[in-house]
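Enquirer: Could you work out the structure for the sequence below:
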Amino acid sequence: MNSSIREPAVAGSFYPQNTEALEQTVRDYLHQCPCATTGQRPLAMIVPHAGYIYSAAIAASAYKQIIPYAEQISRVVLLGPSHRMPITGIASCSQSIFHTPLGDVPVDLDIIGQLNQLDYVHINDEAHRHEHSLEVQLPFLQVILKQFSIIPLLTGQVNDEQISALIAPFFQDEQTLILISSDLSHYLDYERAQQCDQATQQAIENYAAQNIHYEQACGRSAIAGLLLSAQQQHLYVKSLDLRNSGDTAGSKDRVVGYGAWAFFK
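Expert: Next up, the predicted model:
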């Protein structure tokens, strides 16, 4: 095993393992997405991270926004929660490549090295090894973008201000996209999930990070940090889609919520 390559953990379960099938699946979700593009390049987006049959249609509404600007984006900051390993602060990585069935995605180790100087950012390859929240975003990025590198970061016990401070400088780089990976409510019945997720949507639209709690979004920390930073940058947010697994590929008695948002100058 090459220690410099992070191999895919959920290929064949969360998304197709076959190269051709995976590319076609991503293109189909993008093609079938009814959401119109806004005519402006997003600086940041929030997207879900479940198995594709559940959440990819919602994620596609965000990814469709960057298609016209594919040649302008050369770096993606990826922030998602660590589901499998409890961590303190933010977990970066030492691997130079994240591999998927669509090929290799280079990691910007120079930027990682700079971020590691923050006292709440630490290399933790083990946290990344089996984590799906960032991995499932890569095939969409690989299909849409021409040449790009990633800065993969997993959030643990970290405060909103720390995340805001980390991502704020990237808003000044027109070639960078900030991508927050988060699902919403978990395992409520359909109607309660809708109410909970609509409250989260309202909080995001109002930049009210204090009104989003961890039971509303597994990526709550990164969302809250983005809201703080985006408000300081005077960005505006557009809600693109809000649904749950009861709308896509599951029963309505216990659902998981998914939403997509884009942030613009």
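
Enquirer: which residues in the stretch 101-250 of the chain form helices?
Expert: Applying DSSP state H, counting those that start in this stretch to the stretch 101-250 of the chain gives helices spanning 109-115, 125-129, 138-144, 160-167, 190-205, 220-232, 245-248.

Enquirer: Low-confidence stretches in this structure?
Expert: Residue ranges of the chain with pLDDT under 70: 1.

Enquirer: I'd like to know how far the most centrally placed residue in it sits from residue 191.
Expert: Centroid check for the chain by C-alpha atoms, centre = their mean gives residue 181 as the closest residue, at 2.4 Å. Going from residue 181 to residue 191 by C-beta to C-beta, to the nearest Å gives 26 Å. The C-beta positions use only the backbone N, C-alpha and C, and glycine is treated the same way.

Enquirer: What of residue 153?
Expert: When distance is defined by C-beta to C-beta, residue 153 is 35 Å away from residue 191.

Enquirer: the more surrounded of the two?
Expert: residue 153 (24 against 11; other C-beta atoms under 10 Å).

Enquirer: and residue 172, how many neighbours?
Expert: That count, for residue 172 with other C-beta under 10 Å as the rule, works out to 9.

Enquirer: again, but for residue 253
Expert: Count around residue 253 with other C-beta under 10 Å applied: 10.

Enquirer: Same check on the one 4 residues further on?
Expert: Number of residues near residue 257 (other C-beta under 10 Å) recorded here: 30.

Enquirer: quick one, which of the helices of the stretch 101-250 of the chain is packed in tightest?
Expert: Highest mean neighbour count among the helices of the stretch 101-250 of the chain (mean count of other C-beta atoms under 10 Å): helix 220-232, with a mean of 24.

Enquirer: Run the angle between it and helix 190-205 for me.
Expert: In terms of direction (axes from the mean of the first three to the mean of the last three C-alpha atoms, to 10 degrees), helix 220-232 departs from helix 190-205 by 40 degrees.

Enquirer: got a list of contacts for helix 220-232?
Expert: 43-44, 46, 79-81, 155, 158-168, 171, 178, 180-182, 204, 207-209, 212-214, 217, 237, 263 (C-beta atoms under 8 Å, 6 or more residues apart in numbering).

Enquirer: what angle separates it from helix 160-167?
Expert: Going by the same axes, to 10 degrees, helix 220-232 makes 70 degrees with helix 160-167.

Enquirer: residue ranges of the strands in the stretch 1-150 of the chain, please?
Expert: 5-6, 44-47, 75-81, 90-92, 97-100, 103-106, 121-123, 149-155 (DSSP state E, counting those that start in this stretch).

Enquirer: quick one on the thing from earlier: dump the helices of the stretch 101-250 of the chain to CSV, plus distance to residue 11.
Expert: Shown next, in CSV, are the helices of the stretch 101-250 of the chain (distance: least, C-beta to C-beta, whole Å):
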stretch, distance to residue 11
helix 109-115, 23
helix 125-129, 14
helix 138-144, 9
helix 160-167, 28
helix 190-205, 28
helix 220-232, 24
helix 245-248, 20
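
Enquirer: can you tell me which of these comes nearest to residue 51?
Expert: Distance to residue 51, taken as C-beta to C-beta, is lowest for helix 245-248 among these, at 9.2 Å.

Enquirer: where's that closest one relative to the chain centroid, distance-wise?
Expert: Helix 245-248 has its C-alpha centroid displaced from the chain centroid by 19 Å (C-alpha atoms, centre = their mean, to the nearest Å).

Enquirer: Could you do stretch 255-263 as well?
Expert: Relative to the centre of its chain, stretch 255-263 is centred 10 Å away, using C-alpha atoms, centre = their mean.

Enquirer: now swap in stretch 179-197 and tell me
Expert: Distance, centroid of stretch 179-197 to centroid of chain: 15 Å (C-alpha atoms, centre = their mean).

Enquirer: swap in stretch 258-265?
Expert: With C-alpha atoms, centre = their mean, you get 11 Å for stretch 258-265.
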